[in-house]
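J.: Prediction below, plus the sequence it came from.
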Amino acid sequence: MSLPLASPRSGRGSACGNAQIGNRPGFYIGPRRIGTACISLRGLFLYNIGMANKGMTAEEKKSVASFIDLASDLARGGYFLGEREYSFYDDSDIVDNHEKSTSSLQNCKACRLCERRKNVVPGEGAPNPLVMVIGEAPGADEDACGRPFVGKAGQLLDKMLASIGLSRESNCFIANIVKCRPPENRDPQPDEIAACAGFLECQIQTLKPRFILCVGRLSSQALLHSAEPIGKIRGKFMDFEAAGMTIPLIATYHPSALLRNEEYKRPAWDDLKLLRAALGAEGK
Ligand code: SF4
């Protein structure tokens, strides 16, 4: 069964203003911006077909999913990605697996960040993301509601993603390298990053994004096992390798750095254009 992006089951709003799939934190079923209606329509199609497909063969399901993917790509005016490897009948496994690992995280005490958190912030977005955005750590706003990137930096991140046809409601998943807020918004320490790394790796393995966009120095350094400053890491694709997977990764400045320093906006835009070009090339 598919993960419906907008189905009759959507309607439960979270404290932070977005609907989630019942008790499945982290996955949207009710986009905050209904302007992505064609994507919602795709979700509805997939949901309904997923519910009614018991008599269909795997090949028939795949054909229908491919057609819907193609139609939604074109209707959205976004990237033409052709046939995708995933299809609707895989989504429930992805959601279930993510749900299991997310619920186990709620009581995690593997590092000292558990002591002052209000909420664990596992991440949220599409179950079959084109792009997984990985930041550093939840801040006060995120800690308060359990969702990633909801403050000013998050709003800027949403705008940055929208500028290249991406959104957490449709084709991105957004997470951090640590899932609990460091006190006073300090940087997460190496032992805290290491303690949380298994969950992030599990998320990447489960979600299988086509690309990873690291925002900020710490997440870029952690995923690439690098000590280079972000100014040297950004501006090019590198390979993220883990558990037999190789995923193209591009790093850029954290949105909060862009809010503090206008000079970073141009290079960040250059990085987004590189990602946009790679997404476009992928669809050829
Ligand atoms: Fe557990 Fe990660 Fe939170 Fe540390 S930051 S307590 S490892 S969930």
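T.: Good, I have the coordinates.

J.: Low-confidence regions, the stretch 1-150 of the chain specifically.
T.: 1-101 (pLDDT under 70).

J.: What residues does it have near the ligand?
T.: Applying CB under 6 Å from any ligand atom, we find that the stretch 1-150 of the chain lies next to the ligand at 105, 108-111, 113-114, 120. All C-beta spots, glycine's among them, are computed from the backbone N, C-alpha and C.

J.: Which ChimeraX command selects the buried ones in these?
T.: Command for ChimeraX that selects the buried part of those, burial taken from 16 or more other CB atoms under 10 Å:
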select :105,108,110,111,113,120
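
J.: after whichever strand or helix holds M132, next one along is what?
T.: M132 is part of strand 131-135 when elements are defined by DSSP states H and E. Once the chain leaves strand 131-135, the next helix or strand it forms, by DSSP H and E, is helix 140-145.

J.: Which parts of the stretch 51-200 of the chain are strands?
T.: Remark: strands of the stretch 51-200 of the chain, listed N- to C-terminal, are 124-125, 131-135, 172-176; assignment by DSSP state E, counting those that start in this stretch.

J.: now the second one against strand 172-176, angle please.
T.: So that's strand 131-135. Interaxial angle of strand 131-135 relative to strand 172-176 (axes from the mean of the first three to the mean of the last three CA atoms, to 10 degrees): 20 degrees.

J.: Pull up the pairing partners for strand 131-135, direction included.
T.: Taking DSSP bridges as the criterion, strand 131-135 sits next to strand 172-176 (parallel), strand 211-215 (parallel) in its sheet.

J.: that older thread, can you list the neighbours in contact with the strand holding M132?
T.: 125, 148-149, 157, 161, 166, 168, 171-177, 200, 203-204, 207, 209-216, 219, 223, 254, 275, 279 (CB atoms under 8 Å, 6 or more residues apart in numbering).

J.: Which helix or strand contains L272?
T.: According to DSSP H and E, L272 maps onto helix 265-282.

J.: who wins for proximity to the ligand among the strands paired with strand 131-135?
T.: For the ligand, the closest of those is strand 172-176, at 8.9 Å, according to CB to the nearest ligand atom.
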